[in-house]
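**Q** Dropping a prediction and its sequence here:
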Amino acid sequence: MTEPVPGSQAWLDLIDEPVIDPERPIVDPHHHLWERPASTYSLNELWGDTDSGHNIRKTVFLECGASYREDGPEHLQCVGETEFVQRLATASEQGRADQARIAGIVSTANLASPQLDEILDAHEAAGDGLFKGIRHSGARDPHPEVLRIPGRASEGLYASPEFRAGVARLGERGLTYDTWHYHHQNAEFAALAAAVPGTTMILDHFGTPLGVGPYADQRESIFAAWKDDMARIAECPNVVAKLGGLAMPDNGFGWHERATPPSSDEFIEAQGRYYEHTIACFGAERCMFESNFPVDRWSLSYPVLWNAFKKIAAGYSESEQDAMFQGTATRVYRL
């Protein structure tokens, strides 16, 4: 008998847990969508995950380079992604009453572009009320060859005057800035957040502590430095933190290579300290649980992931839990 392929639905289904607290309303503020020749994760696939037992009411899409325009001005080709997701969001409104609605779109743009306002205007027009902000990733590592998803930002991006002016422009327009970078760039991000206090910034994936290649045997030293970084970033009141996105292969936990995925308890044993420290630094009112699906789907299933989140949150007050599961995301992304 052939063993299930890691990351496949059959493999994910090897760990079957009862859904915890199934009525709790949830906003999933970080997922991706794409329709590509080699793979598709579109509305039906999203619903396949969000319909799996937890009460996912709304979601927020995060840019992932999908469905760009193939012609027209180059600086506006990224608007094709907003158009693509807006169509799926409209379709999500026609779903069952208990199915998740795509309620927000975080697109991308070159924030250092002299044509930034034109790009933002185009996103707003294409989003039809759903466009909430921009993610222009700063991720860059000297060892891209060891990473499954290598960031390709220009060196020193966060310190660039043109980039900082673009981030500031987002705040002036009432838009948010999502960041994705690696753990060794946390200090650069902290400096950016302090330099542009008028823009709400969302720290994705805990600043992505890496655990592969030259980082594979440095987990404890990286964690110690990361703890200090999180405390420093949390001193910037304009930053909120997403709790999730640590089950990517590049985080180095290796679950995507195993015969079975992790249970929620095993997940917490390996990663719970990252969640606990971030919540302690930022406070629940500045934290939001995120799935980062389907990227984290390489490692574990949607119901197991949200079970883990609920176990992590169980020790907090009801108002704190509500903030982390829906309140912070609803406020920050204006859903």
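**A** Ah, there it is.

**Q** Tell me where the stretch 1-150 of the chain has helices.
**A** In the stretch 1-150 of the chain, the helices defined using DSSP state H, counting those that start in this stretch lie at 9-12, 43-50, 79-92, 116-127.

**Q** okay, now residue 322: neighbour count?
**A** Counted by other C-beta atoms under 10 Å, the residues lying close to residue 322 total 17. To be clear about C-beta, it is placed using only N, CA and C from the backbone, and glycine gets the same treatment.

**Q** who touches it in this structure?
**A** For residue 322, no contacting residues are found, by C-beta atoms under 8 Å, 6 or more residues apart in numbering.

**Q** Check what pLDDT it gets.
**A** At residue 322 the predicted local confidence, pLDDT, stands at 98.

**Q** same check, this time on the one 5 residues further on
**A** Reported pLDDT at residue 327 in the predicted model: 98.

**Q** That one belongs to a helix?
**A** Yes - Residue 327 sits within a helix when classified using DSSP: H, G, I helix; E, B strand; the rest coil.

**Q** got the phi/psi numbers for the closest residue to it other than its chain neighbours?
**A** Leaving aside its sequence neighbours, residue 327 sits nearest to residue 285 (C-beta to C-beta, 6 or more residues apart in numbering; 7.5 Å). Main-chain dihedrals, residue 285, degrees, to the nearest 10: phi -70, psi -10.

**Q** Residue 329 is in contact with residue 285, correct?
**A** No - using C-beta atoms under 8 Å, residue 285 makes no contact with residue 329, being 11.5 Å away.

**Q** re the thing from before, may I see the helices of the stretch 1-150 of the chain arranged in CSV, with mean neighbour count, mean pLDDT and distance to residue 209 as well?
**A** Below are these laid out as CSV (neighbours: other C-beta atoms under 10 Å; pLDDT from 0 to 100; distance: least, C-beta to C-beta, whole Å):
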stretch, mean neighbour count, mean pLDDT, distance to residue 209
helix 9-12, 16, 95, 24
helix 43-50, 19, 98, 25
helix 79-92, 20, 98, 28
helix 116-127, 19, 98, 31
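
**Q** for the protein, what's the longest helix?
**A** If each helix of the chain is counted by residues according to DSSP state H, the longest one is helix 264-282.

**Q** one step back: out of the helices of the stretch 1-150 of the chain, the one nearest residue 62 is which?
**A** helix 79-92 (9.8 Å; C-beta to C-beta).

**Q** got the angle between that closest one and helix 116-127?
**A** On the basis of axes from the mean of the first three to the mean of the last three C-alpha atoms, to 10 degrees, helix 79-92 is oriented at 20 degrees to helix 116-127.

**Q** what distance separates helix 79-92 from the middle of the whole chain?
**A** Chain-centre distance of helix 79-92: 18 Å, with C-alpha atoms, centre = their mean, to the nearest Å.

**Q** Below-threshold pLDDT in the stretch 1-150 of the chain: ranges please.
**A** 1 (pLDDT under 70).

**Q** Run through the strands of the stretch 101-250 of the chain in chain order.
**A** Using DSSP state E, counting those that start in this stretch, the strands of the stretch 101-250 of the chain run over residues 101-107, 131-135, 176-179, 201-203, 239-243.

**Q** could I get these as a markdown table with distance to residue 93?
**A** Below are the strands of the stretch 101-250 of the chain laid out as a markdown table (distance: least, C-beta to C-beta, whole Å):
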| stretch | distance to residue 93 |
| --- | --- |
| strand 101-107 | 6 |
| strand 131-135 | 16 |
| strand 176-179 | 23 |
| strand 201-203 | 25 |
| strand 239-243 | 25 |
